[in-house]
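>>> how would this look folded up:
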Amino acid sequence: MGISVRPFQGISIRPCSTRTLIRKALLSACTFLAASAAAADSFTWGSITNWTSDLSQTEKTSIIVPLGSGFYCDQNDDGELEDECVSVDIYFPRTSEKLRSKYQHSLPVVVLLQGALVSGQYYENVARGIALQNFLVAVPNVLRFVPGYGIAPFTAVGIEKETHAAIQDALGDSTSSLYEIGDLVDLETTGLIGHSFGAAMALYAIAGYCFPGLCTETLPITFDPINGGWQPNYESLAGLDGAAFFGASLADSIVEDIDTTGTSVAVLQGTMDQITDNADGQSAYQQLEADRAFMTVEGANHCAICDVDKPEGAQLDDDGPSTLDQMEANFHVARWMGLWLAAELKGDRRAKAWIDHVGGSWNGIVNVEELDRAE
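Below you'll find the model as predicted:
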């Protein structure tokens, strides 16, 4: 299977660095590996050229997740908020009836946790782009009351678990819009994506911390100064094998030890991000256990994962200017998050080869700066 590397109309192609030339030389080897991989049908390569049209090959539906008081959703899309619920947009690849038997239980569930003050509606391009790589991607739009902000988009630990449970219920409900794809979804394999504050909440969930005001549950928590401070008190999703974060920071974390053992985590960092800068991303990466990766996206700012550069309501005046077209930024974030999740959740040899051996995008925009694999 060939890999298309045609330039996207309207996007400048940067001069080749030595690292880029080496990657191009490795392309043929990775292409050969792709053709011989056992999981040859589990990853969609795509290209920037046709990515926009490819996104139309995904489906979108929505479900409502029941939650406790203080969480809100617009169930009828009429602007009127209702209490004790969260709305979730769900994306998955379109599959023909002819191929359904081939893709039985092939779509792991991936939950995307939004950034603070960023509506879930702004993650559609990246969610669709990851869904194209054969995942079911759920994007909860969490609205809750936060002192100083009123009712605003703020996710929380526990949203990932509540969303997964609601998806499981919907897949078995003949009246649900998800019922018809019940045979395609792999509920036993799960992943997380987080943006900014959502990345921090996802890391808390992985490490097992549920703090008042940052969690859907109310759980007792213990501070033990002799044994490292706050003690884990929360159990996240079973089968949580991989996660990918953009704009992650633990600079203001109240937890000193984030133990991610058992979950492989990639941190993607925009080089123009001035909300969580490179030092923040590196610091978060250093707290992770192997397997882990730190990747940079050249020219991307804090909202390269969002459909627009400055989502309405987000406080991003201090962010750096992106030098990437927004759709190009979305493409690279979705592509490399998808590569990581395909490698870690599905054991996709092609995706792992691209990360481990090529080490970045052919045009030098994405670079795997650090990679730590467990022995």
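>>> I'd guessed I305 sits against G247; true?
Yes: here I305 lies in contact with G247, judged by CB atoms under 8 Å, at a distance of 7.2 Å. In short, each C-beta sits where N, CA and C put it, glycine included.
>>> quick one: contacts for the residue nearest to L143 when sequence neighbours are not counted?
Leaving aside its sequence neighbours, L143 sits nearest to Y72 (CB to CB, 6 or more residues apart in numbering; 4.3 Å). Going by CB atoms under 8 Å, 6 or more residues apart in numbering, Y72 touches L81, E82, D83, C85, V86, L143, R144, I151.
>>> tell me if Y72 really is in a strand.
Yes: counting by DSSP: H, G, I helix; E, B strand; the rest coil, Y72 is part of a strand.
>>> can you tell me how far it is from G198?
18 Å (CB to CB, to the nearest Å).
>>> next: L237.
From L237 to G198 the distance is 15 Å (CB to CB).
>>> more neighbours: the two, which one.
Shown here are L237 and G198; by other CB atoms under 10 Å, G198 has more neighbours (33 against 20).
>>> burial of G270, as a residue count?
By other CB under 10 Å, neighbour count at G270 equals 30.
>>> isn't it right up against M295?
No: the criterion here is CB under 8 Å, and G270 misses it with M295 at 10.2 Å.
>>> surely E84 meets F71?
Yes: with contact taken as CB under 8 Å, E84 and F71 are classed as touching, separated by 6.3 Å.
>>> so for these two, which sits in the more crowded spot?
F71 (24 against 13).
>>> return the helix or strand in this protein with minimum mean pLDDT.
Ranked by mean pLDDT, DSSP states H and E, the helix or strand of the chain with the weakest confidence is helix 18-36, at a mean of 47.
>>> how close does G320 get to D277?
According to CB to CB, G320 and D277 sit 9 Å apart.
>>> try F92
For F92, the distance to D277 - CB to CB - is 35 Å.
>>> quick one, which of the two is more surrounded?
Neighbour count, other CB under 10 Å: between F92 and D277, F92 has more, with 24 against 19.
>>> is the more buried one bridged to anything, and to what?
E59 (DSSP bridges).
>>> just the strands in the stretch 251-375 of the chain please.
Here the stretch 251-375 of the chain has its strands, by DSSP state E, counting those that start in this stretch, at 264-270, 292-297, 366-372.
>>> neighbouring strands of the second one in the sheet, and parallel or not?
Yep, that's strand 292-297 we're talking about. With DSSP bridges as the test, strand 292-297 is paired with strand 264-270 (parallel), strand 366-372 (antiparallel).
>>> so what touches it?
If you take CB under 8 Å, 6+ apart as the criterion, strand 292-297 is touched by 260, 264-271, 278, 281-282, 285, 304, 324, 329, 332-333, 336, 340, 355, 360, 365-372.
>>> let's see that with 7 Å instead.
Residues from elsewhere that reach strand 292-297 (CB atoms under 7 Å, 6 or more residues apart in numbering): 264-271, 281-282, 285, 304, 332-333, 336, 340, 355, 365-372.
>>> pull out the buried members of those.
The neighbour-count test (16 or more other CB atoms under 10 Å) marks 264-271, 281, 285, 304, 332-333, 336, 340, 355, 365-369 as buried among those.
>>> how many neighbours does F331 have?
For F331, the count of nearby residues is 27 (other CB under 10 Å).
>>> no, scratch that, I was asking about I305
As a burial measure, I305 scores 32 neighbours (other CB under 10 Å).
>>> ditto for L219
Residues lying near L219 (other CB under 10 Å) number 14.
>>> quick check: it vs D257, distance?
Distance of L219 to D257, given as CB to CB: 18 Å.
>>> equivalent analysis for G198, please.
According to CB to CB, G198 and D257 sit 21 Å apart.
>>> quick one: low-confidence parts of this protein?
1-47, 99 (pLDDT under 70).
>>> quick one on the thing from earlier: just the buried ones from the contacts of Y72?
For the contacts of Y72, a burial check counting by 16+ other CB under 10 Å picks out C85, V86, L143, R144.
>>> each with direction, which strands does the helix or strand harbouring the last one pair with?
Looking back up the chat, that one is R144. Taking DSSP states H and E as the criterion, R144 maps to strand 143-146. According to DSSP bridges, strand 143-146 forms sheet pairs with strand 71-73 (antiparallel), strand 150-153 (antiparallel).
>>> give me the residues contacting it.
The contact list for strand 143-146 (CB under 7 Å, 6+ apart) reads G70, F71, Y72, C73, L81, I151, A152, P153, F154.
>>> apart from its chain neighbours, what residue comes closest to A300?
That would be G270: by CB to CB, 6+ apart, it lies 3.2 Å from A300.
>>> tell me which residues in the longest strand along the chain are buried?
With secondary structure taken from DSSP state E, the chain has its longest strand at strand 185-195. For strand 185-195, burial by neighbour count (16+ other CB under 10 Å) applies to V185, D186, L187, T189, T190, G191, L192, I193, G194, H195.
>>> and the third one, how far is that from G120?
L187 is 21 Å from G120, where distance means CB to CB.
>>> please apply the same query to the second one.
As judged by CB to CB, D186 and G120 stand 23 Å apart.
>>> the last one too?
Between H195 and G120 the computed distance is 10 Å (CB to CB).
>>> shared neighbours, these two?
With CB under 7 Å, 6+ apart as the test, H195 and G120 both reach Q114.
>>> residues near the residue nearest to A166 when sequence neighbours are not counted, how many?
Closest residue in space to A166, ignoring its immediate chain neighbours: V65 at 4.3 Å, by CB to CB, 6+ apart. Look at V65: counted by other CB under 10 Å, it has 24 neighbours.
>>> wait, what's in contact with V65?
C85, V86, V88, P140, E162, T163, A166.
>>> out of those, who's the most crowded?
P140 (29 neighbours).
>>> what helix or strand does that one sit in?
With DSSP H and E as the test, P140 turns up in strand 136-141.
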